[in-house]
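Novice: Everything below, folded, please.
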Amino acid sequence: MGQFLLSLLGLSSSLFCYTCENEHSNWNCMRTYKCEDHEKYCTTTYSTAGFGKDVGQRITKKCSVDCPETNVNFGMAAYSTKCCSTSLCNFSGANSIRINYATILLGIAGSLIYMLRVGL
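Specialist: Next up is the predicted model:
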């Protein structure tokens, strides 16, 4: 529907993306922006940090010159960037990163083993 409306307005060659900066909710990321001619991608960056009930999330959406897709998980923190190349394609804020508790437990176990070996 959005692409159809843009075509009617004669703006089909321009890329439009949803934009926001470090928002807690995707609902705060519904502002549209006309990208510069050299910006060919819409990106969504989703990050989480914390443990248990204290997990916080942030969403950033913007136009981009390149497509920096990343998916990094450090256990208690995760960071993911997805990109797409059609107008208003970065609607969803649900990138598939979640804190991996198995990674946290493995890190704790490794630290304990290291401390026991060094202490002996």
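
Novice: buried ones in the host helix or strand of residue 43?
Specialist: Remark: residue 43 resides in strand 41-49, with elements defined by DSSP states H and E. Of the residues in strand 41-49, 41, 42, 43, 44, 45, 46, 47, 48 count as buried by neighbour count, 16 or more other C-beta atoms under 10 Å. No exception for glycine: its C-beta is placed from N, CA and C like everyone else's.

Novice: what mean pLDDT would you report for that strand?
Specialist: Strand 41-49 shows a mean pLDDT of 93.

Novice: what's the following helix or strand after that strand?
Specialist: strand 56-64.

Novice: thinking again about what came up before, who's in contact with the strand holding residue 43?
Specialist: 15, 17-18, 35, 55-68, 76-90, 92-95, 97-99 (C-beta atoms under 8 Å, 6 or more residues apart in numbering).
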